[in-house]
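# Give me a 3D structure for the following:
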Amino acid sequence: MRAQCCLPLLLAVALACQPPDTSVAAKQAIDAANASWARLSAAGHADSIADLYHPNVLLPPNMAAVHGRDAIRAFFATMNMASPPSTLTLRADSVWAKGPMAVEQGRWHYAWAAGATRPPGAPAADSGKYLARWVNENGRWLMVQDIWNSDLALPAPAK
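Below is the predicted model:
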């Protein structure tokens, strides 16, 4: 009987210990980072893009995982070498955050500039969806994991 009396108190204490919902503040910070990312991508600033990441992991489509900030910087240096610059748009459809952790689900669109040299087989424009896990480290939201994929069908194999 005594345990039954303590159960509501224990439940109340457990609920009070939950991290606060920080979704609104996290979405504002993530939206600002996404807007900055588009400008940095167009300007070819791979160093600044890499600084948006916690030195953890990037999960690009059809490639091995990219680990560490230096490798992330090198990846984006290769991706952002288009001249004239390409256009990237990111839109967070939802952000769920509790305390210092957030998950973002969104849409992206990438378009090569007219006259830009594209990698072999790359479409002139592409779009798709992404998931990113963020952490708030010393007041700054950083991506810990980032994965995206295209809505375009894979090209048919050559015969």
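# Going along the chain, name the helices of the chain.
Here the chain has its helices, by DSSP state H, at 2-16, 23-43, 46-50, 69-79.
# can I get the ones you listed in a markdown table with mean neighbour count?
C-betas here are computed from N, CA, C, even on glycine. Shown next, in a markdown table, are those (neighbours: other C-beta atoms under 10 Å):
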| stretch | mean neighbour count |
| --- | --- |
| helix 2-16 | 8 |
| helix 23-43 | 17 |
| helix 46-50 | 18 |
| helix 69-79 | 17 |
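# Could you tell me the least trusted of these?
Least confident of the helices of the chain, judged by mean pLDDT, is helix 2-16 with a mean of 57.
# Compute the distance between the nearest residue to residue 137 once chain neighbours are set aside and residue 151, please.
The spatial neighbour of residue 137 that comes closest, neighbours along the chain excluded (C-beta to C-beta, 6 or more residues apart in numbering), is residue 54 at 6.7 Å. Distance, residue 54 to residue 151, using C-beta to C-beta, to the nearest Å: 27 Å.
# just residue 110 next, same as before
Residue 110 is 11 Å from residue 151, by C-beta to C-beta.
# Looking at these two, which is more packed in?
A direct count of neighbours by other C-beta atoms under 10 Å for residue 110 and residue 151 places residue 110 higher, at 21 against 11.
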